[in-house]
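# Sequence first, predicted coordinates after that:
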Amino acid sequence: MANVLVVYWSGTGNTEIMAEKIKEGLESAGASVDFKTVDQVEPSDVANYDKIAFGCPSMGVETLEEDEFEPFFEAVEGSLSGKKIALFGSYGWGEGEWMDAWVERAEATGANLYDNGLRINSTPSSEEEDKCVEFGAGFASF
């Protein structure tokens, strides 16, 4: 099974919890996972993976984290065509509109998007943690 990259940015730790649970789901399904924060990955590293799970919380209502994650995602957008990707993150305002915009943006790259992005309000509950594990396991076989 292909190596999967899980790359995320987390400010309060909520998206990090999601990332850890998604990794758990991927591994339970037999995937080999490289688990990194966005500052540990070069945009050129993305070429080495067929499957990538990107995690970023909403900043405000509709934006990705602007200092580290947004520049990284912008740099890799051009190399996502044909890759299998998943998006996830936590939010604190609104209905998680940032994910809708991110999904549209990801689809525009030509990537094959798994599910419709996993969004969780604030800190994941134990049920939501289970959802993250399921999301990871599902993405492993996508």
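Yep, that arrived. Numbering: from 1, shown residues only.
# could you give me the average pLDDT of the longest strand anywhere in the chain?
Counting by DSSP state E, the longest strand found in the chain is strand 84-91. The average pLDDT for strand 84-91 rounds to 97.
# give me the element the residue nearest to I17 when sequence neighbours are not counted is part of.
Using C-beta to C-beta, 6 or more residues apart in numbering and skipping residues adjacent in sequence, the residue nearest I17 is P124, 5.3 Å away. Bear in mind the C-beta positions are built from the backbone N, C-alpha and C, glycine included. Per DSSP states H and E, P124 falls between elements, in no helix or strand.
# give the contact list for P124.
By C-beta atoms under 8 Å, 6 or more residues apart in numbering, the residues touching P124 are 14, 17-18, 21, 90, 131-132.
# which ones among these are found in strands?
Here DSSP E is the test, and these give S90 as lying in strands.
# Which members of the contacts of P124 define the maximum pairwise distance?
Maximum pairwise distance among those (C-beta to C-beta): 13.5 Å, between N14 and K131.
# joint contacts of these two?
Counting by C-beta under 8 Å, 6+ apart, the common neighbours of N14 and K131 are 120, 124.
# what about those two, which has more around it?
N14 (21 against 18; other C-beta atoms under 10 Å).
# Surely that one touches S122?
Yes: taking contacts as C-beta atoms under 8 Å, N14 lies within contact range of S122: 6.2 Å.
# which neighbours do these two share?
Joint contacts of N14 and S122 (C-beta under 8 Å, 6+ apart) are S90.
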